[in-house]
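# Give me a model of this one.
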Amino acid sequence: MAQRRVGNTGAVAFAVGSWAGDPVRFLKRTWCVPVRSAPGKSHDRWSAIRPKSSIGQHSHEEQGDAFLARRWENGRTGTNRSENNHRGVNHGRDHWRKHSGKGPSTNAEPVRDSKNGQARNSRGDGTSFQRELSDLQRRRASGHDFLFGVAPVLAALLAGRREIFALHWQESMDLTKRKDRNAVIRARDMAERKGLDVVLATKGDLNILTENRPHQGLVLECSPLDFEPLPRMPDPGWKPACWLVLDEIEDPMNFGALCRTAHYLGLTGVVTCHRNSAPLSPVVSKASAGAVEAMTIHSTHSMPRFLREARELGWVVVGGALAPDAVECRNLSLDKPTMLVLGNEGRGIRPLVSQACSLLVRIPSHRTQGDTETVDSLNVSVAGGILMHQLISSASYNQS
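Numbers count the residues shown, from 1 in each chain. Sure, this is the predicted structure:
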């Protein structure tokens, strides 16, 4: 088997036997399909030569013409394999069908128009058409929050801090078998009194709006809830107060659980980091049982500076940590205005935040001496609940 390069393009042709006459002409008529370069070049040249045996079961002329047309279009438009891979697996086929008058492929994905949120696709003549999105797709693309669960929905309706757009009600919901039917009926009545749209929806539609989370048959479409900026702590005054400080708590379930405990125990306020913190999402609202709807969650840009300035005002800053110099929480009492700092789920309190604390506390473990490798700490929401209860209980005891 002989091997020969044709022209200066690097294409390799394989032929059997000896070469006679013009080899390019010989290959063109017998073994290979020629593909010419795109117009606009300095001269026509052979850009590729492919054996006809690799074309397929159809005739050589039909497959050769199709292959020639595809390469011609790619050369004319400047596309190549890397560009086709970047644009998608269907781009080369759709491009050929578009310019050949056969229209786009049937499985081409529509492209959403960023201006009006409509689906856009291309016609065979090069123009474009727009397809209206369904009502469910428009709601999902609106940027609204979709609160799910009876407690968060009812709390948001009572608080009135969000702009409410609609209440989505599961049409197949049977209230006769539910223990929380009074709360569900109350939420619907409040929505009707406020003049809101009560949209009957299937369970599947509610699953789509909530991304398959436990909605309990109620979904409230509303505006997002943001943190309230707090540049510095207020003057503590004479009355003992307790604030919860969350240093980069990223898990929304932990964030919501801590807010729920703080609201239940009656803490004065909650402040968190402006960045690297879980946002006030519907998941946080659900985990807090609606507590974030009823209380204001503050944020600060620089937690270390925020705590240092609070100490200068007279606040006692207590950080929960497993440090060797940390005191046991049973010796902790709330006889002065106190701020309880809890750190990240994995990293704990940051070093600069730890340096800004007045003291560090820990929760003692009562496990056996040999079992020290299985669990070495508590979940941050559980530890926060124990420390908050210790502070509040000591304050109640001191006041009595």
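# In a helix, Ala262, correct?
Yes. The assignment for Ala262 by DSSP: H, G, I helix; E, B strand; the rest coil puts it in a helix.
# From what I see, it and Val270 are in contact.
Yes. With contacts counted by CB atoms under 8 Å, Ala262 reaches Val270, the gap being 5.4 Å. Every C-beta, even on glycine, is put in place using the N, C-alpha and C of the backbone.
# Report the set of residues contacting both of the two.
Leu244, Met295 (CB atoms under 8 Å, 6 or more residues apart in numbering).
# Neighbour count for the two, which is higher?
Ala262 (26 against 22; other CB atoms under 10 Å).
# If we ignore the residues flanking it in sequence, what's nearest the more buried one?
What sits nearest to Ala262 in space, not counting adjacent residues and going by CB to CB, 6 or more residues apart in numbering, is Leu244, at 4.7 Å.
# Also Ala321?
By the measure of CB to CB, 6+ apart, the closest residue to Ala321 outside its immediate chain neighbours is Leu360, 4.6 Å from it.
# Run a quick neighbour tally on that neighbour.
The burial count for Leu360: 19, using other CB under 10 Å.
# In the stretch 101-250 of the chain, where is pLDDT below threshold?
Counting by pLDDT under 70, the stretch 101-250 of the chain contains low-confidence residues at 101-133, 238-239.
# Try it again at 90.
Under the criterion pLDDT under 90, the flagged ranges of the stretch 101-250 of the chain are 101-143, 172-177, 234-241.
# residues contacting the residue nearest to Ala262?
Contact analysis of Leu244 by CB under 8 Å, 6+ apart lists Leu258, Ala262, Leu267, Gly269, Val270, Val271, Met339, Leu340, Leu342, Gly384, Met388.
# with these in mind, which one is nearest to Leu230?
Leu230 has its nearest neighbour among the contacts of Leu244 in Val271, at 5.7 Å by CB to CB.
# So what's the residue count around the closest one?
Val271 has 25 nearby residues by other CB under 10 Å.
# in a strand, that's where it is, yeah?
Yes. Remark: Val271 belongs to a strand, assigned using three-state DSSP.
# what's across from it in the sheet?
Each beta-bridge partner of Val271 is listed here: Val245, His298, as defined by DSSP bridges.
# Please tell me how far it sits from Lys203.
Separation of Val271 from Lys203 (CB to CB, to the nearest Å): 39 Å.
# Tyr264 - nearest residue in space that isn't next to it in sequence?
Ala291 (7.5 Å).
# Run a quick check on the one you found versus Cys259, I expect a contact.
Yes. Distance between Ala291 and Cys259: 4.9 Å, which falls inside the contact criterion (CB under 8 Å).
# more neighbours, those two?
Per other CB under 10 Å, whichever of Ala291 and Cys259 has more neighbours is Cys259, with 30 against 24.
# Just the CA atoms of the helix or strand that one falls within, as PDB, please.
Using DSSP states H and E, Cys259 maps to helix 252-265. Extracted in PDB, the C-alpha atoms of helix 252-265 (Å, rounded to 0.1, in the frame of the first residue of the first chain):
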ATOM      1  CA  PRO A 252     -29.600  27.300  54.600                       C
ATOM      2  CA  MET A 253     -31.000  24.600  56.900                       C
ATOM      3  CA  ASN A 254     -28.700  25.500  59.700                       C
ATOM      4  CA  PHE A 255     -29.300  29.200  59.100                       C
ATOM      5  CA  GLY A 256     -33.000  28.800  59.300                       C
ATOM      6  CA  ALA A 257     -32.900  26.500  62.300                       C
ATOM      7  CA  LEU A 258     -30.700  29.100  64.200                       C
ATOM      8  CA  CYS A 259     -33.100  31.900  63.400                       C
ATOM      9  CA  ARG A 260     -36.000  29.800  64.500                       C
ATOM     10  CA  THR A 261     -34.400  29.100  67.900                       C
ATOM     11  CA  ALA A 262     -33.400  32.700  68.300                       C
ATOM     12  CA  HIS A 263     -37.000  33.800  67.600                       C
ATOM     13  CA  TYR A 264     -38.500  31.200  69.900                       C
ATOM     14  CA  LEU A 265     -36.100  32.000  72.900                       C
END
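# Next, the buried residues of the helix ranked longest in the chain.
Counting by DSSP state H, the longest helix found in the chain is helix 380-399. Within helix 380-399, the residues that count as buried by 16 or more other CB atoms under 10 Å are Val380, Ser381, Ala383, Gly384, Gly385, Leu387, Met388, Gln390, Leu391, Ile392, Ser394, Ala395.
# out of those residues, which one sits closest to Val284?
Closest to Val284, out of all of these and judged by CB to CB, is Ser381, at 12.0 Å.
# Sweet, I'm off.
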